[in-house]
Every structure is written in structure tokens, then in C-alpha cells.
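> 3D model of this:
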Amino acid sequence: MDYSVNDIATALGARVEGDGTLRISRASEPQTADADALALAMDEKYAGGLKQGKAKAAILWDGAPWQELGLQAAIFVPRPRYAMSGLTSLMDPGPDIASGIHPTAVVHETAIVGEGAAIAPFVVIGRDVVIGPDARIASHVSIAEGAVIGARALVLQGARIGHHVLIGDDFIAQPGCVIGADGFSFVTPEKSGVENVRKSLGDQGDAAQQSWTRIHSLGAVTIGNNVEIGANAAIDRGTIRNTSIGSGTKLDNLVHIGHNVQIGEDCLLCGQVGIAGSSRIGNRVVMAGQCGVNDNIFVGDDVIAGGATKIFTNAPAGRVLLGYPAVKMETHLEMQKAARRLPRFMKAAQAAKSSEDGNGK
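Numbers count the residues shown, from 1 in each chain. Modelled structure (predicted):
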């Protein structure tokens with residue numbers, strides 16, 4: 001499929017200069033762009049790449065001399081990175097899932113599949129499942145009994161939706177994610193060493209040797225509208241109440257959400273984030289890769305945590321965190337600077353002590 005430069009600019013709400021009738025078939029980096037590609041040169045540092053490539057049209061930084069760069073058309077956008085969202089949405093054809101229910105899919109007779117839905121080969125849909133209109137379910141997905149998935153969902157290859165999971169509209173599940181596995185919850189007949197350590201902060205006490213007994217998960221998972229779950233992410237069901245993910249929240253690959261966790265709206269959790277059971281995360285929280293959150297704590301609205309931050313205690317709204325354990329980002333940077341100075345400080349202290357010892361003699 002191809003587009004005119006005018007079509008692309010209209011979709012982006014952008015300004016065109018030059019020949020808006022030029023046809024574009026794909027997007028490209030400037031240096032590798034062919035004549036039918038739209039070069040993405042949204043910063044002046046990419047000007048050299050335009051001269052290496054063969055693009056006739058490009059998305060450029062504001063004020064760029066497009067004619068001097070050898071172009072026949074240029075698109076100017078006020079916020080380049082945001083424009084990428086609109087451009088990729090326009091050009092992404094999505095997965096090839098034929099409309100209707102494939103003959104190899106197994107759909108329980110009590111399940112309701114909405115109008116316009118597309119069910120791919122080898123999908124298994126359980127008893128009393130509800131699939132919303134225009135949903136697309138890719139191959140080898142399983143959706144267990146009583147689950148509800150809203151309109152226009154896209155559930156990709158091999159995803160697993162557990163029983164009685166409730167999911168809103170415009171949901172995206174990347175390949176291999178698991179939503180609604182049982183929570184990791186075990187207990188011992190008598191107090192365990194773990195319980196004693198949590199109370200004493202270091203002493204296991206006289207805990208007896210004993211086996212772990214499973215606590216079953218009676219809750220499910222509730223997910224709002226416009227949520228995306230990354231590949232191989234795992235969201236555990238609640239013990240009694242549902243684990244919940246608020247509308248607009250996005251989870252990256254390999255994120256793990258423990259049982260009973262409550263996550264607010266419009267959060268962004270990057271790869272390998274782990275949130276332990278029964279913690280509450282506010283709205284618009286951002287956690288960079290490999291952040292960890294302790295169980296039974298609260299992270300307030302608009303908190304931003306840098307990569308590999310470990311949050312062990314409640315975090316107030318608006319706080320910017322970094323480090324292990326988490327502290328204010330500026331405090332962490334001061335601590336790191338101080339740590340780098342330690343060897344020099346120790347040498348100076350030892351030299352001063354040697355000098356004093358020499359004077360004493």
C-alpha cells in the first residue's frame with residue numbers, strides 16, 4: 001500500500017511544502033531511503049544521511065532547507081517523536097488474521113464472539129467467554145472460561161488469558177504473555193524463618209523446619225481500556241480481590257505483576273519490572289527497566305523511577321527515584337559522586353596519619 005505525501009501530512013496534522021502528490025510506500029532512515037521511501041530526518045544531525053540516500057520526501061526538523069537537501073517534498077511536524085506514533089499507526093497493516101472463526105479454532109458453544117471478530121487457527125476459547133466486536137485473536141491463543149475481552153482487542157500469538165479475567169476495549173496482548181496465572185502465595189503451619197526475619201530484620205529465630213502450603217487464588221485480573229501487555233509479561237490473579245491494571249497503562253516485555261497488585265491509569269512499566277504482591281501503584285507512574293517494588297507498599301501518582309531502582313518503602317507522589325534502595329535521584333547522584341571520591345579520600349587520610357605519626361616521633 002502506498003500514500004501520497006498529502007495523505008501522510010493530513011494523518012499527522014502536519015504542514016507540507018513541495019509536491020504533496022508524491023507517492024510513498026514505506027518509512028526509512030535517511031541514509032538508506034529509496035526514491036519511494038519517506039526519510040525520517042527530524043533533527044538537523046540527520047542532514048548528512050539525506051545526502052547519502054535517495055529520498056524525494058522527508059519529515060524534517062522545523063526550518064530545514066528542504067530544497068537545498070535535494071528533496072521534492074517535505075513534511076514539518078511540531079513534535080517529531082509524537083509524529084512517529086501517527087506515522088507508524090498509518091503504515092502498520094497489523095497481523096494477517098482472516099475475519100471469522102478459523103475451522104481449526106475450538107470455540108465453546110456458550111462463548112459469545114462479537115461481530116467482525118477474527119479468530120485465527122488453533123485458538124481455544126472456553127465456556128462463557130465473551131469476545132467483543134472487531135477483536136482479533138491470533139493463532140495458538142487460549143482464553144479460559146468466563147473471561148471477557150472488549151471491543152477491538154488484539155491478542156497475539158500464544159498469549160494466555162486465564163479464567164474470569166475482565167479486559168476492556170482496545171486491548172493489546174503481545175505474544176506469549178500470561179494474564180491470570182495463580183499468585184505465588186505460600187504459608188507454613190507455624191511461623192517461618194521468613195516471617196521472623198521480616199519482623200526482626202535479620203534473625204530467623206527458632207523457626208521449625210516445615211513445608212510450604214499453597215494459598216489458592218480466588219480472585220481474577222481486571223484490566224481497563226487501552227492497555228497493552230508486552231511479550232512474556234505475567235500478571236497474577238488476586239488471592240481474594242482482583243489484581244487490577246488501570247486504563248491507558250502499558251507494560252513492557254517480561255514485566256511481572258504479583259497477586260493483588262493495584263496499578264493506576266496511564267502508567268509505563270518497562271522491561272523486567274517486578275511488583276510484589278498487594279502493592280498499590282498510582283496514576284502516571286513510570287518505572288524504567290528492572291525496577292522492583294516491595295510488597296504491601298504504595299507508590300504515589302507521577303512517580304518516576306530510573307533503571308534498576310528498588311523501592312522498599314512508600315514513595316510520595318511526584319518523587320523522582322533512583323538507586324538501591326531507592327532515594328531521591330539527586331541524592332543518589334551525590335552518593336555516587338561521594339563513593340567515587342572515597343579512594344582518594346582514604347589515601348589522603350592515610351597520608352595525613354603517616355605525617356602525624358612521623359611528627360610524633
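
> report the backbone C-alpha coordinates of stretch 25-44 in CSV.
The C-alpha coordinates for stretch 25-44 follow below in CSV (Å, rounded to 0.1, in the frame of the first residue of the first chain):
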residue,chain,number,x,y,z
SER,A,25,5.3,3.2,0.2
ARG,A,26,7.4,3.0,3.4
ALA,A,27,9.3,4.9,6.0
SER,A,28,13.1,4.7,6.2
GLU,A,29,16.2,6.1,7.9
PRO,A,30,17.6,8.9,5.7
GLN,A,31,20.8,7.2,4.6
THR,A,32,19.1,4.0,3.4
ALA,A,33,15.9,5.6,1.8
ASP,A,34,15.0,4.7,-1.7
ALA,A,35,13.0,7.1,-4.0
ASP,A,36,9.6,5.7,-2.8
ALA,A,37,10.5,6.0,0.9
LEU,A,38,9.8,8.8,3.4
ALA,A,39,13.0,9.7,5.1
LEU,A,40,12.7,10.4,8.8
ALA,A,41,15.1,13.2,9.4
MET,A,42,13.5,15.0,12.3
ASP,A,43,16.7,16.5,13.6
GLU,A,44,19.5,18.5,11.9
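
> and the longest helix for this structure?
helix 329-360 (DSSP state H).

> list the buried ones in it?
For helix 329-360, burial by neighbour count (16 or more other CB atoms under 10 Å) applies to 329, 332. Placement of C-beta: from N, CA and C, glycine included.

> then stretch 78-97?
For stretch 78-97, by 16+ other CB under 10 Å, it's 80, 83-84, 87, 91, 97.

> now do stretch 191-210
In stretch 191-210, counting by 16+ other CB under 10 Å, buried: 192-193, 196, 207.

> which stretches of the stretch 151-300 of the chain have low pLDDT?
Within the stretch 151-300 of the chain, not a single segment meets pLDDT under 70.

> can you give me the helices for it?
Secondary structure of the stretch 151-300 of the chain (DSSP state H, counting those that start in this stretch): helices at 193-200.

> mind listing which of the buried residues of stretch 78-97 are in strands?
Counting by DSSP state E, no part of these is found in strands.

> can you redo those residues as a markdown table with pLDDT and distance to Ser278?
A markdown table is the format used below for the buried residues of stretch 78-97 (pLDDT from 0 to 100; distance: CB to CB, whole Å):
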| residue | pLDDT | distance to Ser278 |
| --- | --- | --- |
| Pro80 | 85 | 41 |
| Ala83 | 92 | 41 |
| Met84 | 92 | 37 |
| Leu87 | 95 | 41 |
| Met91 | 94 | 42 |
| Ile97 | 95 | 37 |
